[in-house]
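> Model the structure of this input:
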Amino acid sequence: MPLDDLTFFLEKHEAEVVEEFRKQIVVAEHDQYRGMIHLNGQAMYRLVVGYVGDRISQEDIKHLAYKVAHERNQAEINIGDFVYNVCLGRQLVFDLLQKGPFSPSTLVPALIKINECFDIFLVHAVSQYTSMKDSDLEEKKIFIERSHKDRLTILGQMAASFVHEFRNPLTSIIGFSKLLKEDYPSLPYVDIIENELYQLNYRVSQFLLVSKKGAVYKTKELFHMQILFEEILAFLYPNIVDVNANMKCSIDPELTLDGYKDEIKQVFINIISNALDALQKKVGDKEIVIEAFQKEGAAIVTIANNGLPIPVDLQAVIFEPFFTTKELGTGIGLYVCKEIIEKHGGTIACESTEDRTVFSMEFLQS
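Below you'll find the predicted structure:
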């Protein structure tokens, strides 16, 4: 029968086709399965012959496809090289049959079956390879997340020790600086010392908030946003003057928020401080715009600046712990902000363009 003659012809020329396949395939130097590639090609060749002769099933093709996909994943090769090799094998089979003494009525149905066999193999192999890669990526993601958690745990332990060893004397120094200011109001540099001490105390509080010991400030209260921002701007006044930034505020005097006032205060100080940093190297007008208002049952706060933009590729990771672009940054400031805001049932987002960078915060109100 013509079909039997065709399969016999394929079986007869197996060795030469496999050898030609071995010579032309793309093989990576680091591939630990490089010696198996031509053998897998030989197994595929035999599947093709059996499929044309209706002696094997699609399940047999799937079995080989899964085996090869596992090896390709383990070898960490370019999937494009694998697809190229499969297409090479297909072309070698086609070239061989075109040299055979077969009529179109015999050759065309065989070519259709061969194409089908290769397509089934490719679909299963690439799908399984992709699934394995996705699984590997997920495992790596879990590992990275666990590593981050471990780092945060260590940082929490360090923060606890740091607070016991450092915060008590720091509080005493702040207290004595206030007494010194009261006794000698004209003494130079006291204001600068006091401001730097408050900044240092603020940084200590940031580390404490990163630890897993819960909120530093336990008492919730209802406070006015306008008064809060007045306190913040007074605290940051030396930095604002140093940068020569123009502050514009539009805050609803009736807007209130129920929460941990000192934690929310820390959020806004951090974001405004970052805005001042972004304005440091800007040439021309330097501006920070603060808006706070109520909208549809939520308190909305936006803090915008026209300083250097945040690169697009970094905007998605600025709230990740330990991420920083500052030479001496800790990478926990915006992470802490996000943690505090989410703890208050709110959300924070950032949008940065060449013209301005805007941090938008929304707090749901009961």
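> shaky segments in this structure?
In the predicted model of the chain, residues 1, 148-168, 202-203, 205-218, 321-332, 366 satisfy pLDDT under 70.
> just the strands in it please.
Ranges of strands within the chain are 221-224, 246-251, 256-259, 287-295, 298-305, 346-352, 357-364, based on DSSP state E.
> Tell me which residues of the longest one come out buried.
Put plainly, it is strand 287-295. Residues 287-292 are the ones in strand 287-295 that count as buried (16 or more other CB atoms under 10 Å). The way it works is simple: take the backbone N, C-alpha and C, and place the C-beta from them, glycine included.
> can you give me the helices in the stretch 151-300 of the chain?
The residue ranges that make up the helices of the stretch 151-300 of the chain, judged by DSSP state H, counting those that start in this stretch, are 168-183, 190-210, 225-235, 237-243, 261-279.
> which of those sits most buried?
Between those, the one whose residues have the most neighbours on average, counting mean count of other CB atoms under 10 Å, is helix 261-279 (a mean of 21).
> could you say what helices and strands that one packs with?
Under the contact criterion of 3 or more CB pairs under 8 Å, 6 or more residues apart in numbering; DSSP states H and E, the helices and strands touching helix 261-279 comprise helix 190-210, helix 225-235, helix 237-243, strand 287-295, strand 298-305, helix 333-343, strand 357-364.
> For V27, which of those is the nearest?
If you check each of those against V27 by CB to CB, helix 333-343 wins as the nearest, at 45.5 Å.
> Please save the CA atoms from the closest one in CSV.
Extracted C-alpha coordinates of helix 333-343, given in CSV (Å, rounded to 0.1, in the frame of the first residue of the first chain):
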residue,chain,number,x,y,z
GLY,A,333,10.3,56.2,54.4
LEU,A,334,7.6,55.6,51.7
TYR,A,335,7.1,52.0,52.8
VAL,A,336,6.3,53.3,56.3
CYS,A,337,3.9,55.9,54.8
LYS,A,338,2.1,53.2,52.9
GLU,A,339,1.9,51.0,56.0
ILE,A,340,0.4,53.8,58.1
ILE,A,341,-2.1,54.9,55.5
GLU,A,342,-3.3,51.3,54.9
LYS,A,343,-3.6,50.8,58.7
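> now the strands of the chain as TSV including distance to A275?
Written out in TSV, the entries for those read as follows (distance: least, CB to CB, whole Å):
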stretch	distance to A275
strand 221-224	22
strand 246-251	10
strand 256-259	21
strand 287-295	5
strand 298-305	4
strand 346-352	11
strand 357-364	7
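> among these, which is the most enclosed?
Per-stretch averages of neighbours, counted by mean count of other CB under 10 Å, single out strand 298-305 among the strands of the chain, with a mean of 20.
> Show residues contacting that one.
225, 245, 255-257, 268, 271-272, 275-276, 278-279, 286-294, 356-365 (CB atoms under 8 Å, 6 or more residues apart in numbering).
> if you set the cut-off to 7 Å instead, what comes out?
The contact list for strand 298-305 (CB atoms under 7 Å, 6 or more residues apart in numbering) reads 255, 257, 271-272, 275, 278-279, 287-293, 356-365.
> Just put the helices of the stretch 151-300 of the chain in CSV and tack on distance to E339.
Written out in CSV, the entries for the helices of the stretch 151-300 of the chain read as follows (distance: least, CB to CB, whole Å):
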stretch, distance to E339
helix 168-183, 23
helix 190-210, 7
helix 225-235, 19
helix 237-243, 24
helix 261-279, 9
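> Looking at these, which is nearest to L3?
Distance to L3, taken as CB to CB, is lowest for helix 190-210 among the helices of the stretch 151-300 of the chain, at 72.4 Å.
> Distance-wise, check the residue nearest the centre of the chain relative to P311.
In the chain, the centroid-proximal residue (CA atoms, centre = their mean) is V317; its distance is 5.9 Å. Per CB to CB, to the nearest Å, V317 is found 10 Å from P311.
> Equivalent analysis for A275, please.
16 Å.
> nearest to F94, of the helices of the stretch 151-300 of the chain?
F94 sits nearest to helix 261-279 of all the helices of the stretch 151-300 of the chain, at 61.8 Å, using CB to CB.
> For the closest one, what is the distance to the chain centroid?
Once both centres are worked out by CA atoms, centre = their mean, to the nearest Å, helix 261-279 turns out to sit 24 Å from its chain's centre.
> now stretch 186-200
Between the mean C-alpha point of stretch 186-200 and the mean C-alpha point of its chain there is a distance of 40 Å (CA atoms, centre = their mean).
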